[in-house]
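Colleague: Coordinates for the following, if possible.
(chains A, B and C)
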Amino acid sequence: MQLELDVRLDPTLGCGQAHRWRKMESGCWQGVVKNEVVTLCQTDDGFSYTGSNERDLKEYFRADDDLGMIVSEISAADPVVADLSSRCPGLRILKQPEWECLATYVLATNVNVKRIAKMVESVCDHYGTDLGERRAFPTPGQILDGKDTISECRLGFREPRFIQLAEGVENGSIDLESMKDMPYEKLTLALQEINGVGPKVADCVALFGFGKLESFPVDVRIQKCVERMYGVTGNYKTVSAFGRGKFGAYAGYAQEFLYHSDFI
DNA sequence: GGGTACCCTCTCGG
DNA sequence: ACCGAGAGGGTAC
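Modeller: You can find the predicted model right below:
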């Protein structure tokens, strides 16, 4: 089947916002969407797909986002982003499942991107429902059922946080459903109540999991970038607020373009 | 509010 | 080749 959409799969699926996509030798991408193994192949005006359906893929790729309008808005705010975005067309921010996004980013502390993917895949291989070629991201219950073997996943000091997160979601003390209705700031504060979630992880989860496009996550890379480009320094709150203030409702997109620039 | 340790893996310089 | 040091999407204390 074919989906017509303003998107380039390579930057969108390979940029590190989601961690389970694999580029196959054919150049197509394999991943899991809504508990189905999907294969996506780039075409001139979108991509062809197998294993999923148009409705789920449109949601996952945020097909309602007007990429042209978004890029033009953040480009108007800054010539650097204008240049970067023009050189990276078709990069879209994805809408990942809230639970999967949160659990993934709790693992994404003090490790390189390569190992994040490795830990995530290990957790899926151990506890996720078998979907054939791949496994689903496990539910909190599946993780708790098998937690006696969690050390095999090599999560390091993240292990107790990961288990605690699964317990919280399972017993209802962490209510992701209610967080869907929260505006950006309230959401990030609620997320930071969770052990292992600081301001950076909260911003990433708000952006990639809850679709808060004004979120401007600041990691060490963005911090250097913002200092070099705009001369802005300071603590997390200062730098992220600068990003949201400068780029507005679509600051998350601006952050993606800055993140993938080579100007550090 | 700033400084550190942190579990583990991979990479790099000797 | 082998080994030790260093760094790696940050967070908790």
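Colleague: hey, let's count contacts and neighbours off CA atoms from now on
Modeller: Fine.
Colleague: Kindly report the residues of the stretch 151-264 of chain A close to DNA strand C.
Modeller: For the stretch 151-264 of chain A, the contact set with DNA strand C under C-alpha under 7 Å from any atom of the strand comprises A:192, A:194-202, A:219-221, A:259.
Colleague: Near DNA strand B, which residues of the stretch 51-200 of chain A? Just list them.
Modeller: Counting by C-alpha under 7 Å from any atom of the strand, the residues of the stretch 51-200 of chain A that sit close to DNA strand B are A:Asn110, A:Val111, A:Arg115, A:Arg154, A:Leu155, A:Gly156, A:Phe157, A:Arg158.
Colleague: For those residues, which PyMOL command selects only the ones that are buried?
Modeller: Applying 16 or more other C-alpha atoms under 10 Å to these, the buried members can be selected in PyMOL as follows:
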select buried, chain A and resi 155+158
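Colleague: From the residues of the stretch 51-200 of chain A next to DNA strand B, which land in helices?
Modeller: Mapping those onto helices (DSSP state H) picks out A:Arg115.
Colleague: Turn the residues of the stretch 51-200 of chain A next to DNA strand B into a markdown table, columns for distance to A:Ser26 and pLDDT.
Modeller: Compiled in a markdown table, those are given as follows (distance: C-alpha to C-alpha, whole Å; pLDDT from 0 to 100):
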| residue | distance to A:Ser26 | pLDDT |
| --- | --- | --- |
| A:Asn110 | 33 | 97 |
| A:Val111 | 29 | 96 |
| A:Arg115 | 24 | 97 |
| A:Arg154 | 31 | 97 |
| A:Leu155 | 32 | 98 |
| A:Gly156 | 35 | 97 |
| A:Phe157 | 37 | 98 |
| A:Arg158 | 35 | 98 |
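Colleague: Now list the buried members of the residues of the stretch 151-264 of chain A next to DNA strand C.
Modeller: A:Gln192, A:Ile194, A:Gly196, A:Val197, A:Gly198, A:Pro199, A:Lys200, A:Val201, A:Ala202, A:Asp219, A:Tyr259.
Colleague: What is the nearest of those residues to A:Glu59?
Modeller: Taking C-alpha to C-alpha as the measure, A:Glu59 sits nearest to A:Ala202 out of these, at 21.5 Å.
Colleague: Which residue, other than its chain neighbours, is closest to that closest one?
Modeller: Beyond its immediate neighbours in the sequence, the residue positioned closest to A:Ala202 (C-alpha to C-alpha, 6 or more residues apart in numbering) is A:Thr188, lying 5.2 Å away.
Colleague: which residues does the one you found contact?
Modeller: Shown here is A:Thr188, whose contacts under the criterion C-alpha atoms under 8 Å, 6 or more residues apart in numbering are A:Pro199, A:Ala202, A:Asp203, A:Ala206.
Colleague: List the contacts of the closest residue to the first one other than its chain neighbours.
Modeller: Put plainly, it is A:Pro199. On the basis of C-alpha to C-alpha, 6+ apart, the spatially nearest residue to A:Pro199 that is not a chain neighbour turns out to be A:Gln192, at 6.6 Å. If you count contacts by C-alpha under 8 Å, 6+ apart, A:Gln192 has them with A:Gly198, A:Pro199, A:Ala202.
Colleague: So for A:Gln192, what's the pLDDT?
Modeller: A:Gln192 is assigned 98 on the pLDDT scale.
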